[in-house]
Each structure stands twice: as C-alpha cells, then as structure tokens.
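Q: Here is the input, now give the coordinates:
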Amino acid sequence: MTIQRRQFLSLSAGILTAPAWIRAGAAYGAPPPGDAASTSGAPGTSAASATFPAHDPDLTREMVGASHGNMARVRELLAMSPTYAKSAWDWGFGDWETAIGAASHVGNREIVTLLIENGARPDLFTCTMLGQLETVKAWVTASPGIQRLHGPHGLTLMHHARKGGEAAAPVTAYLESLGDADPVYRNDPLTDAERDRLIGVYAFGAAPEERFDVSVNKDGTLGIKRLPAGGFRNLFHQGELAFHPPGNNVVRIHFEAGTGPAGRLTIREGEFQLSAERAGT
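A: Down below sits the predicted model:
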C-alpha cells in the first residue's frame, strides 16, 4: 500500500414558527422535537450536525441527486435552506457536479429555474441547455476553445444543447458550426478476456472500507467503486490497461496483469499515488 502527499479519497424537517436564525438550523441537522422553547421563554435550538456550521453533507449530496428530476424533494430541501440550491458534490475522482449542473445535463428547465430563483449560479452548460445563444456566443468569443470543455460526468456542451430540445436548437446549430463542441472520451475496446482479468476486489489497507471493487454493470461496462457503499464509476480505456473515470480525464487507473488476473491497480493523479493489491493474493 502506498499513499503519497494528500488524501485522494474520503468516505465519503420541518420549519418552525421561530426567527430565521433558528429555522436555518434544519439545514445543519435534525429539527428540534416539538416545542423546543425553554421554560424561561428563550428560543430553542436545532441539533447541529457534526459538520456544523457547514451544511449537512448527506443533504448536500441528496440535493444534487434530486436535482436530476425529483422536484418534490428539491422543494423540500430548499424549504430547509435556500442555499442548498448552490450544492455541489464530488461523485468520485473529482467528478464534481452542482445541483444546477445536474438539472442542466438532463434538460430539466423547471428545476433549473427554481434553483436560480433560490440563488444557484448558472454556468455555460446551463446557458447552453436553456438556449441562450447570444450568451453562449459571447462566452466562446471571450474564451476560444471553451466549447471543448467537459461538464459533469464528462458530458459535452453539445450534449447539453441537445437536452435543451427545440428551445436550444439555435445553440445546437451554432455548436455544430464550430465542429469541436462534442469531444467524447477516448475508450479503446477491451476483449472479454481482458475485462475478466481485471474484475475483482483490490485492497489498499486492512480495513473493510479500504477496498475497491472492479466489476461490470448490466451493459457490460467496466467500472470501479469503493467498498462498501461507494458509487460505481465507469472506466474509459486509454490503452495498455490504463483507464480514467468520468469527470476527470487526468486520473489514471492502471492495472498490472500478465496472462492471468491482474494483481494490482495503481491510481495516479499529479503527485498522488495509491496502489491496491488484489484481495486474497
């Protein structure tokens, strides 16, 4: 096991009739039970989470997830605190996604509008999905090449324009005229035999959570997740059994394999390096 420099992975309500500074407590932890006022008439307080005064990370993650299409839950979380509209979450390996980014890449205008009303910050990808042609043109003029950027999960600007439907058709046409607004990740083919040699559990420590599971999803796509409950991240093959996950094409996950099952995987990003051995070998 090798870990260098900085840590790369981490393990990752009602509203009371009370002053706003008390009601805001629901954003940070559990609301107080019943009437939280003291016998002296002083206002009660909400239970603070371990991360207070930062917002609850579980609710932050839920907000980003819900913003893909669960309007009812988005409204509930915004009722706890409108600042959840600005939520951002790293799904793994630096694949950061904001709540408004989630709604944008699935083309959910209703949620995008609600988030902006509550303080979310639209970006180029949001403007593209909304069909704001002059804004997109101005952005590209000001920063030539910006159209080649990847959004959350590696989704392209063109993907966002297409998700905008008819209202974004002029933006789609404009991006098509640029010729390079839809750069997909390289993903070299793997044979079934090559893929099967990589599948397994790899440990970088003795604890149960110090493990990666490399497996395939229903469509046969190879991916990696941290055990016990990490999210499955697709792997894009760059050749010679080196891969990167979505949202960060700088990371390299390299498998060491001869003719049999791979015995080790190594994750590198800049100065960081972590190696994990196949469990049981």
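Q: Could you list the low-pLDDT ranges of the protein?
A: 1-45, 281 (pLDDT under 70).
Q: now the helices for it?
A: Secondary structure of the chain, counting by DSSP state H: helices at 20-23, 57-66, 71-80, 99-105, 109-117, 124-130, 133-142, 157-163, 169-178, 192-198.
Q: export the fourth one as PDB, just CAs?
A: Backbone C-alpha positions of helix 99-105 (Å, rounded to 0.1, in the frame of the first residue of the first chain) are rendered in PDB as follows:
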ATOM      1  CA  ALA A  99     -27.400  20.900  -8.300                       C
ATOM      2  CA  ILE A 100     -28.000  23.200 -11.300                       C
ATOM      3  CA  GLY A 101     -25.400  21.200 -13.300                       C
ATOM      4  CA  ALA A 102     -27.500  18.100 -12.600                       C
ATOM      5  CA  ALA A 103     -30.700  19.700 -13.800                       C
ATOM      6  CA  SER A 104     -29.000  21.200 -16.800                       C
ATOM      7  CA  HIS A 105     -27.500  18.000 -18.200                       C
END
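Q: What lies in contact with it?
A: Here helix 99-105 makes contact (Cβ atoms under 8 Å, 6 or more residues apart in numbering) with 63-65, 67-69, 74, 84-88, 111-112, 115-116, 120-123, 125-126, 128-129, 151-153, 155, 159-160, 163. In this view, the C-beta of every residue, glycine as well, is placed from N, C-alpha and C.
Q: got the domain boundaries for the chain?
A: 7-178, 192-278 (automatic domain parsing).
Q: deepest of these, which one?
A: Highest mean neighbour count among the domains of the chain (mean count of other Cβ atoms under 10 Å): domain 7-178, with a mean of 18.
Q: Alright, that wraps it up for me.
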